[in-house]
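Student: I'll drop the sequence and a predicted model, then ask my questions.
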Amino acid sequence: CAGHLMEAAVAYYEATGKKAFLDAMCKYADYIEKVFVKDKSAKFITPGHPEIELALVKMYEVTGEKRYLDLSKFFVDNHGDNDVDGLVYNGCRITYNQDECAVRDRKTAEGHCVRALYLFCAMADIAYYYDDKELFAAAERCFENIVNKRMYITGATGSTCHGESFTIDYDLPNRDAYAETCASIALCMFANRMIKLNPDGKYGDAVERALYNGVLSGISMDGKSFFYENPLTIDPDFNNVNTCTDGGKRFPITQRKEVFDCSCCPPNVIRLIANIGDYMYSYNDDTVFVHQYINSETSQDGINIKQETKYPANGDVIITVNAKTQKQLAFRVPYWCTSFTVNKAYKIEKGYAYVDISGDEKIVIEGYVKECANAIYTYKNSVLGLLETVSQDYSNLNLNAADIQQKLNDPENMELLRNVLTKLG
């Protein structure tokens, strides 16, 4: 809770300039430092739900108080590397809290997905500010393990409701996937931090996949109801296969709800949407990076940028730039893109196309388009389209590729898809 309060205080200060909330959280952070670091009087060494680590980094960024960054590093350094933590409760093992090994020794993503991904966010933050290559290497191993072996096609993570956790490589069941909305958001947060350490298109690809699929599936079109879990297959008839007992295998709910007992996902969605600009651009000494394609305007270090696009409904992007000095513009080429054109000479490096810019420039990108279909899904650019209905007749979802293509080619269905993608774009 302290971490979320600190993030809220930072956001409130940045939005309003008012410091009362932030000052209170500074006193809270000072007290936490006293108890955990100076007095060592706490009954444990590191938090079980590692949110305060990344929040302390934000406290440092807005206050300039390095003690907060050092406190975050203290928690990261000691996570899984002490003789006190490792509390087991409710039948959970120490992997649930990522306490089975030190963070720099970590090779795979284990345990509760959101907890793990928040920890990886802090690892990336500390690696960035302390130039800790060993910690970056560990974070990179975890990222590769997730996106290549433990992530759904939607960008969702969490293969089981037991511990809301990762399981083993390639264990990705559709029907009883946990795929928590918060976990997809946390993956966006983690991947976006890795970009600062290593500008590689694969991180922006992960953000795009999770943002347009694992996150948005958790929100109704009117924004009033939510999925906590986002399984890839929902069939109420199959959920009632245990006909002779009261208990049975647990399956996710079949329709979005307005209120949950644990309502972490709705405010997390709000946090992500409010911060969406942080996912779109970044800068270094000579390059401005475009990571995500969304209508927007931004200014940084003498560079003004305007982005116009209907992406992902349409693959064309126009980027208007005004740069006072010679710079480079690097825009991400989506992993699924097979061809595109640009009205300037460019070079490709680690998933980004680099062009030189100076003065007033208009960069026109055309051709970011890909569509494919198989027996269970259709992909339109970065958006995975699943067939969804609230009717109780789910038999029509058992289709082959030809059936799906026929339905997609139906004018009424295509118009619905276009309307959805237009809203997303």
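Tutor: Great, that's in hand.
Student: what does stretch 318-328 rub up against?
Tutor: Stretch 318-328 has contacts (CB atoms under 8 Å, 6 or more residues apart in numbering) with 286-288, 290, 302-309, 329, 331, 354-365. All C-beta spots, glycine's among them, are computed from the backbone N, C-alpha and C.
Student: show me those residues that map onto strands.
Tutor: Using DSSP state E, the members of these that fall within strands are 287-288, 290, 303-309, 329, 331, 354-365.
Student: how about the helices of the stretch 1-150 of the chain, start to end?
Tutor: Taking DSSP state H, counting those that start in this stretch as the test, the helices found in the stretch 1-150 of the chain are 2-16, 20-33, 52-63, 66-78, 113-130, 133-149.
Student: reformat those as a markdown table; add distance to Met221.
Tutor: Formatted as a markdown table, the helices of the stretch 1-150 of the chain follow (distance: least, CB to CB, whole Å):
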| stretch | distance to Met221 |
| --- | --- |
| helix 2-16 | 26 |
| helix 20-33 | 34 |
| helix 52-63 | 31 |
| helix 66-78 | 38 |
| helix 113-130 | 25 |
| helix 133-149 | 28 |
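Student: what's the closest of those to Ala177?
Tutor: Taking CB to CB as the criterion, helix 113-130 is the member of these that comes nearest to Ala177, at 11.2 Å.
Student: and the closest one, how far from the chain's centre?
Tutor: Once both centres are worked out by CA atoms, centre = their mean, to the nearest Å, helix 113-130 turns out to sit 13 Å from its chain's centre.
Student: just stretch 324-342 next, same as before
Tutor: A distance of 22 Å separates the centroid of the chain from that of stretch 324-342, by CA atoms, centre = their mean.
Student: what's the answer for stretch 142-162, then?
Tutor: Once both centres are worked out by CA atoms, centre = their mean, stretch 142-162 turns out to sit 12 Å from its chain's centre.
Student: hmm, back to that, whichever of the ones in strands among the contacts of stretch 318-328 end up buried, select them in ChimeraX.
Tutor: Of the ones in strands among the contacts of stretch 318-328, the buried ones go into a single ChimeraX selection, burial set by 16 or more other CB atoms under 10 Å:
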select :287,288,290,303,305,307,308,309,329,331,354,355,357,361,363,365
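Student: isn't Pro50 up against Phe120?
Tutor: No. Contact criterion CB atoms under 8 Å: Pro50 and Phe120 do not qualify, at 9.1 Å.
Student: any weak-confidence spans in the stretch 201-350 of the chain?
Tutor: By pLDDT under 70, the weakly predicted segments of the stretch 201-350 of the chain are 239-248, 257, 262-265.
Student: one more time with 90
Tutor: Across the stretch 201-350 of the chain, the ranges flagged by pLDDT under 90 are 212-275, 284-286, 300-303, 309-316, 323-327, 334-341.
Student: ok, which stretches of it are helices?
Tutor: Using DSSP H, counting those that start in this stretch, the helices of the stretch 201-350 of the chain run over 201-209, 236-239, 265-274.
Student: and the contacts of stretch 205-217?
Tutor: Residues from elsewhere that reach stretch 205-217, judged by CB under 8 Å, 6+ apart: 143, 147, 151-157, 179, 181, 183-185, 187-188, 191-192, 227, 230, 269, 272, 279, 291-292, 312, 332, 334-335, 351, 382-384, 386, 424.
Student: and the residues you listed, which of them are buried?
Tutor: Buried subset of the contacts of stretch 205-217 (neighbour count, 16+ other CB under 10 Å): 143, 147, 151-157, 179, 181, 183-185, 187-188, 191-192, 227, 230, 269, 272, 279, 291-292, 312, 332, 334, 351, 382-384, 386, 424.
Student: for the spatially most central residue of the chain, helix, strand, or coil?
Tutor: Closest to where the C-alpha atoms of the chain average out (CA atoms, centre = their mean) is Cys188, at 1.7 Å. Classification of Cys188 using DSSP: H, G, I helix; E, B strand; the rest coil returns helix.
Student: now do the contacts for it.
Tutor: So Cys188 contacts Ala206, Val207, Ala210, Leu211, Val215, Leu272, Tyr279 (CB under 8 Å, 6+ apart).
Student: apply 6 Å and report the result again.
Tutor: Residues near Cys188 by CB atoms under 6 Å, 6 or more residues apart in numbering: Val207, Ala210, Leu211.
Student: make CSV from those residues and add distance to Lys19 and neighbour count to it.
Tutor: As requested, those are exported to CSV (distance: CB to CB, whole Å; neighbours: other CB atoms under 10 Å):
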residue, distance to Lys19, neighbour count
Val207, 31, 26
Ala210, 34, 28
Leu211, 32, 24
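Student: out of these, which is nearest to Tyr346?
Tutor: Using CB to CB, Val207 is the member of the contacts of Cys188 that sits closest to Tyr346, with 21.8 Å.
Student: quick check: the closest one vs Glu366, distance?
Tutor: To Glu366, Val207 is 23 Å away according to CB to CB, to the nearest Å.
Student: cheers, nothing more for now.
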